[in-house]
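[1] Predicted structure and sequence below. I'll ask about it afterward.
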Amino acid sequence: MSSGKVITAVLIVAAFAGGMYFGGGSQSPVITSSAGGASYGGGYDQTSDADANVESSTVVKRKDTGTVIVVNDGESIMAAVQKAVPGDTIQVMPGKYHETVYIDKDDIKLVGVIQEGKRATLDGEKKLNDAILYSGNNFIVENMQITNYKGNAIMGQAGNNFEIRGNVIVDTGVYGIFPQLGKNGIVEGNIISGIEDAAIYVGMSDNIHVAHNEVFDSVAGIEIENTRHAIVENNYVHNNTGGILAFITPGLPIKTTYDVIIRNNFVVDNNTKNFGAPGSTVGGIPAGTGILIMAADDVVVEGNIITNNKTAGIIITDHHNAPNTTIDPESDPAPDRVMILDNLMMNNGYDTIDEVKALMLTEFKTNDNADIVRVGKSEGSCIINRHRYVHVGVKGWKECEFTNTKNVDTYLLDEPVPPRVIDPSERGKVVYLGICAGCHTYTGRMIGPPVQIIQALYMDNPQGLADFIAAPTKKRDDYPEMPPQNYLDPETRLAVAEYMLSRKN
Amino acid sequence: MRSFLAVLVTLAFSLPSQANEVDAGKAFSLNSQCPASFSLENGVCRLVSQYQFYDSVQGRGVGGTQTSLPPYRDGFSPKQIDLGRILFFDPLLSKDGSISCASCHQPDKGFSDDLDRSIGVTGEKVARSAPTLWNVAFLDKFFWDARSNTLEEQAMGPLFDPKEMGNTPEKLLHDLNSNAVYKSLFAEAFEHGGDIELNQIYKALTAFQSSLISLNSRYDQYAHGYHQALTSQEIKGMNVFRSFVARCAECHQPPLFTNNQVAVIGAPEPEGQPFDIGAEKTFNHFKMKGGFKVPTLRNIVKTPPYMHSGRYDNLREAVAFYNDGRGNAVPEDMTLYIHWHITSPELTEDEVDAIVAFLGALTDESLTPRIPDTLPSGLPPVDSNYQQLTNTNNNNLKLNNGH
C-alpha cells in the first residue's frame, strides 16, 4: 500500500504540473462518444489456435441420431448414464432424484424435462457431495433443478465443448456451476442462489461464454479464474458479496487470466455479508463489491449497470493488496491492460471500508462514494469518460483507443474442439509399447514369452491373437498366466495384435 | 503364516535371477533397446502413452480422466538409460560404498523406502522422507521443498549431502574413473573416450529415472474407457476424491495425481521433531512456510509412511488428517498460509474408506526395471541390507494386494 501511495503522490504532482487533471478543476472533461468509434479487436486469434484449426481435423459433431433414454421419477439417472453411449440423450422426467451423477464419457446430453413448471430435481439432502460431475467432452446439461448438495451442483473436469444451460440451482454449498480445465464452453440462462463461494466459477479454462444468468444471494456471483478468452455478458448479478470477479489465483498449475470481456451486465446491490469459508479467496472480498479484477490482464469492462454496491463499483487490485492470497513466483501479480469503457455507475461506495477511504485520501477525496478503486500496480490500462465516475487510482490511465467491443461477438470456437482421433495402427503401437512391452521383448525371455514365438504361432491370425489377449489361457508351464487385457476394446485388441505380429525387432 | 512367508521369500529370491537370464554371459554391456513404454526413434527413446492423444488446457497436463500429459523428459539413448540403471543401484556412488540411490528409492517399495525419514551413510535419519521416483519425468520441481528444477540438479543433493550419500565430486569422479568397466560403459553411452565427467553421471541417472513410467493402473483402464476396471467402492472413492467437498483432485490432479505445485497444508511433524519450514527457505517468503511439493499419488499404497516427515503410517491416517479440518495440526503461536483448498470436509467414515480404496487403484508397477545382478564396482546391488529389507516389504505386499 505504501508504495502505491508514493506512486500516486508522484502522479498527482505530475498531473498538476502539466495542467492535465482529468475530471477536475476548471478544465473541460474529455467526452468520448461510445456510439461510434473504434472497436476493440479482442485478444483471440482463432487461426493461431491449434485446437480451433478445423481444416485439418476430423471434427466429430454431436450425433443427432443417438438414443433417447427416459428416466422417470423413482428411477436412477446414473443407471441411464451407465447405459448411454456417445450421442445419447437422457431425459429426466419431473421428480426428486437423490444421487451423484458422474459422466466420464463423451457426447452425453442430460435434459431435465419441465412439465407444467415442474422440474426434475436433484436433491442431495445435505448428504451428497456433488450433483453432477463430468469429464467427458461435448457434455450438455439443461433444465435441471439442483439443491442441497454439499459441494457443487455441476462440476466439470477437463471436458471440452460443454453447455450448461437453463438450470435452477439453489443452496448447493461451495459452487453452483464449476467447469474447470475445459475449452470452449457455454454457461447460460441459469438461475443460481445461496452459494458459499461462486455461483458460477469458471476455472482454468479457455474460450468461455457466460451469459443471461441470474446469480444472487451468494458470496461471489460470477468468477472467471485462471482463464483466457472469456465473455461475461447480459447477466443479472445481484445481492452477492461480490458481483463479477476476474482473478488470477496463485498456486494453481494454470497461471494466467487474460482477455476477458465483462459487458452489459446488471451488477447491483451486491452487499450481502461475506459468508465464505475462512481462508478461501472469496472469503476476503468486502461486501459491497461490484466488479473485482485481481491480477487478471486485458480485462474490458463495458456497458454494465453497476449500482448500489456499498464498497465500490469496480475494484482493481494486484495480489499484494488482496487479502487471502498466497504467492506464486510463476504468476504475475499485477492486473495489466485493464480497459474501462462506458458503464452506468451510480451510488456505489456509499458505505465503504477503511482501506478505500485511505486510498481516496491520497487523491484528497473525502466525501465521495467510490465507483472505481485501483490499488497496486497496473500497466497499460485505459479508461474513457472517467469524469463520470468517482474514482481513485486511475487518474493516470490513458484514454482507450477504442470505445466498444462490437467486433467481438464471442470467443467460442466455430467448431467444437475436436477429439483426438487415434488411428488403429497408432493405437496398436501405443498399447504394445505402453503395456505389452512390460512383459514381452522381441527375442528375450521376460515375464512372458518372446514376441518371435508369438509371431510363429499367430502370424496369419491376428484376430486369434486378439481373442487370446481378451481371454488368455495358460499355455506354458514355465511362464505365469497372462492377465486378460479385456479392458481394451476389440478394435484396439486387434490393432495391438497386428502391431505385435508386424514387429521386426 | 510362516510357510506362506517362506514362499514369498523364495519368490523374491528367484525373480531377479529369472529376469536376468537375458543378460547371462554379457555382463556390463549396455542395453541397446529402449525400456517398455518407449519407442526407439533416431537413436533415442521417446515415451509412448495413450494419454499423449488427449487434450489439456494450456498444455499443462492436468484435469480430468482423459487429459494429456504435461511436458516431460525423454530423448535419452537406450545405453544412457541402462547406464543410469547400473549407477542407480551401485553403492560405489556413496562415500563409503555402503548405500546406493536405490537404498532409499527401492523398486519394490514404490521407489521409496519404508521409513518415516530415510537413513543415510551416517546411520542417522535425514531431514525428510524419500519421495517416490515413479513418473518423475513429468515433474519440474524436485525435493519436498521444490529447491531444484531438474533431475540433474537434484542428483547432486543426495550424492553430496553429508547425511545422505556423503560423497564429494572429487571422490565420485575418482572412483568411477578408476574403474575400467565404468570407463568403458560411459564411453559407450556418451560416445567419447575421455574421463568420466560429472554431468555424464547426472545425465545417466536422469535418463534412468525418466524411464520410470507408471500409467497402466486400473484407474488408467477406467480413464481410457473401460469402466469395469474399478469396483463400485473404488468408483465411489473416485467421486469423493474429485468432489468439491474433499477436493483431493484439485491438487492431486489426474493423470499424474499431482499438479506439480507447492502447497501449504499444515501437516504435522512427528512428535518431538521441530517444525519444518519447507519451501519458505526455497522461495524466501513467509507465505510459503510449511509448504511442500504436492506428491503424486500413483503407487501410493507402496510408499508408507506418508507426508514429508513420514508422520502417518498408513493411508487412512493420511486421508483422515485432511478430514480433521483446516489447520488442525498447525502449532499454536504459528501462522501458516494454508492452501485454500484445505477445508473441513467432514466426510463420513465410509467416504474416507472409499477414498483409500480408490487410491489402491492407482497402483501400477508393470514397468518396474530390473535390479542388476552384479555391478561394475563388485559391490552388492542396492546395499548389503537389501535382501532383508525386501523380505520385510514382501510382508507388506500381501496386505496391499487386495485385488
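    Nice, thanks for sending it over. Residues are numbered from 1 along each chain as shown, chains lettered A, B, ... in the order given.
[2] any idea whether the residue nearest the centre of chain A is helix, strand or coil?
    Residue closest to the mean C-alpha point of chain A, counted by CA atoms, centre = their mean, is A:Val202 at 2.5 Å. Of the three states, A:Val202 takes strand under DSSP: H, G, I helix; E, B strand; the rest coil.
[3] is it true that it touches A:Glu223?
    Yes: between A:Val202 and A:Glu223 there is a contact at 7.1 Å, judged by CB atoms under 8 Å. (C-beta placed from N, C-alpha, C; glycine too.)
[4] low-confidence ranges in chain B?
    By pLDDT under 70, the low-scoring segments of chain B are B:1-27, B:384-385, B:387-403.
[5] how about the strands of it, start to end?
    Under the criterion DSSP state E, chain B carries strands at the ranges B:38-41, B:44-47, B:262-264, B:291-293.
[6] Single out the most deeply packed of the ones you listed.
    The highest average neighbour count among the strands of chain B, using mean count of other CB atoms under 10 Å in any protein chain shown, belongs to strand B:291-293 at a mean of 26.
[7] Against which helices or strands is that one packed?
    Judged by 3 or more CB pairs under 8 Å, 6 or more residues apart in numbering or on different chains; DSSP states H and E, the packing partners of strand B:291-293 are strand B:262-264, helix B:279-283.
[8] In JSON lines, list those along with distance to A:Asp217.
    Output for the helices and strands packed on strand B:291-293, formatted as JSON lines (distance: least, CB to CB, whole Å):
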{"stretch": "strand B:262-264", "distance to A:Asp217": "31"}
{"stretch": "helix B:279-283", "distance to A:Asp217": "38"}
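[9] C-alpha coordinates for stretch B:101-117, CSV please?
    Output in CSV follows, covering the C-alpha atoms of stretch B:101-117 (Å, rounded to 0.1, in the frame of the first residue of the first chain):
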residue,chain,number,x,y,z
CYS,B,101,20.4,-44.3,-4.8
ALA,B,102,18.2,-47.4,-4.6
SER,B,103,18.8,-47.8,-0.9
CYS,B,104,16.2,-45.0,-0.3
HIS,B,105,14.4,-45.5,-3.6
GLN,B,106,13.8,-49.2,-3.7
PRO,B,107,11.9,-50.6,-6.7
ASP,B,108,9.7,-52.9,-4.6
LYS,B,109,8.8,-50.1,-2.2
GLY,B,110,7.4,-47.8,-4.8
PHE,B,111,10.9,-46.4,-5.3
SER,B,112,10.8,-45.1,-1.8
ASP,B,113,11.7,-46.8,1.5
ASP,B,114,9.5,-47.8,4.4
LEU,B,115,11.0,-45.2,6.7
ASP,B,116,9.5,-42.0,8.1
ARG,B,117,12.8,-40.3,7.2
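[10] so what are the domain limits for chain A?
    A:47-399, A:426-502 (the TED database).
[11] got it, and chain B?
    For chain B, automatic domain parsing gives the domain ranges B:8-214+B:366-374, B:218-360.
[12] Let me have these in CSV, adding distance to A:Leu359 as columns.
    Rendered in CSV, the data for the domains of chain B read as follows (distance: least, CB to CB, whole Å):
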stretch, distance to A:Leu359
domain B:8-214+B:366-374, 34
domain B:218-360, 23
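[13] Leaving out the residues flanking it, which one is nearest to residue 36?
    Answering for chain A, as no chain was given. Leaving out its chain neighbours, the residue that sits closest to A:Gly36 by CB to CB, 6 or more residues apart in numbering or on different chains is A:Thr403, at 7.4 Å.
[14] ah, I was thinking of chain B
    With sequence-adjacent residues excluded and distances taken as CB to CB, 6+ apart, B:Ala36 is closest to A:Ala437, at 3.7 Å.
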